[in-house]
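here is my input; please provide its structure:
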Amino acid sequence: MPELSISTDKVGFLIEKAREFDVKEAASDPDSGSNAVDDEMVDVLEDNGRDPVEREIRGFIRALSEDEQIDLVALMRLGRGDRPVEEWDDLRREAADQYNGRTARYLLGEPMLGDLLAEGLEAFGRPWSDERTSPDSSSESERAVNERNQ
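Take a look at the predicted model:
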């Protein structure tokens, strides 16, 4: 089985954030002056160009190493079904050849990014659990101890 340069927890964090981003819809009431409580907070789901989730995703991806960004693109393409996991090296090579430092923009333009990344992890035998909500920067041995204690 091929190896990933990016941790499952980092990908999982992006899965969750991408799913938050994907639920946004075009602004339907751009001049809304209503009380957010009265209109059941519907404006929070509108894409008004000032999306903090998008900024968080962009910042997170930019902070990743080039290898991690390449793995993200290859993982998304794996989840999209471009190639099977057995051809991971080819997927990764294609992503590396096309790397231009605009990974966040490219990935955010892909509909259902969170689901595609989750499918990619699944192909690696690393199913994503929605119970985790932040990237885990602890070492693998610390995570193993934590899992045994749960």
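
rest of the way, CA atoms for contacts and neighbours
Noted.

tell me which element Arg93 is part of?
Assessed by DSSP states H and E, Arg93 sits inside helix 88-97.

I'd like the next helix or strand past that helix.
helix 103-108.

run through who's touching that next one.
18, 57-58, 61-62, 69, 73, 113 (Cα atoms under 8 Å, 6 or more residues apart in numbering).

what are the buried residues along it?
103-104, 107-108 (16 or more other Cα atoms under 10 Å).

mind giving me the packing neighbours of the helix holding Arg93?
helix 66-80 (3 or more Cα pairs under 8 Å, 6 or more residues apart in numbering; DSSP states H and E).

what residues sit buried inside the helix it packs on?
66, 68-80.

and which of these is nearest Ser7?
Glu68 (8.5 Å; Cα to Cα).

for the closest one, which residues are in contact?
Applying Cα under 8 Å, 6+ apart, the residues near Glu68 are 5-6.

please renumber the chain so that the first residue is 402 from this point on.
In the new numbering, first residue 402, that becomes Glu469.

tell me the pLDDT at it?
At Glu469, the model reports a pLDDT of 97.

again with Arg459
Predicted confidence (pLDDT) for Arg459: 94.

mind listing residues that contact stretch 460-467?
In contact with stretch 460-467 (Cα under 8 Å, 6+ apart) are residues 470, 504-505.
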